[in-house]
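Return a 3D structure for these sequence lines:
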Amino acid sequence: GEEEEAADNLYRPSRKGKCKPTRWPEKLKKMGTRELNRYLKTTALTKEEVRELKAERRRMKNRDYARKSRQRRLKRCDVLEEAKAAHSSSTQRLQDEAQDLQQQLDLLLQQQQQQ
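Alright, predicted model coming up:
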């Protein structure tokens, strides 16, 4: 009746302009697929409105996947930067040690030549 129609109107997108994104309640955008399909069978939404809602849900999921991908990439970059810093430090330490050993060898060779 009137109550159902009023509820359905809450779930319809705004039709003020074609360029504006549709505004569906978060409840519908976050609902599981099976639950949403069951719900859609009980509403008076047109096929076009159902298509718009599903497209909005796809966009929302794609944005979420992209955000998570960026987070993973940044985390991977941080891990690689830390590994690079550790390797640079280790390389510098080994170069310093090699230089010290070379100086010790040069000193020993010099001492041997003097004898």
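
which residues of the protein fall in helices?
Here the chain has its helices, by DSSP state H, at 2-10, 26-30, 33-41, 47-114.

Next, format these as TSV and append mean pLDDT.
As requested, those are exported to TSV (pLDDT from 0 to 100):
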stretch	mean pLDDT
helix 2-10	45
helix 26-30	80
helix 33-41	89
helix 47-114	94
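
Just send these back as CSV, with mean neighbour count too.
Glycine gets a C-beta too; all of them are placed from N, C-alpha and C. Converted to CSV, the helices of the chain look like this (neighbours: other C-beta atoms under 10 Å):
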stretch, mean neighbour count
helix 2-10, 10
helix 26-30, 12
helix 33-41, 12
helix 47-114, 11
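
Can you tell me which residue is spatially central in this structure?
By C-alpha atoms, centre = their mean, the chain has its centre lying nearest to K68, at 1.8 Å.

mind checking how far it is from T33?
19 Å (C-beta to C-beta, to the nearest Å).

and what of Q104?
72 Å.

likewise T46?
For T46, the distance to T33 - C-beta to C-beta - is 20 Å.

next one: A83
Applying C-beta to C-beta, the value for A83 to T33 is 40 Å.

Same check on L107?
77 Å.

Likewise for V50?
13 Å.

Against the centre of this structure, work out the most remote residue.
Q115 (69.5 Å).

Quick check, pLDDT for it.
Per-residue pLDDT puts Q115 at 83.

So what's the residue count around W24?
Neighbour count for W24, taken as other C-beta atoms under 10 Å: 19.

Surely it is in contact with A55?
No. Contact criterion C-beta atoms under 8 Å: W24 and A55 do not qualify, at 10.3 Å.

can you pull the contacts of R57?
Counting by C-beta atoms under 8 Å, 6 or more residues apart in numbering, R57 touches L28, K29, L36.

Since that was my last question, I'll sign off now.
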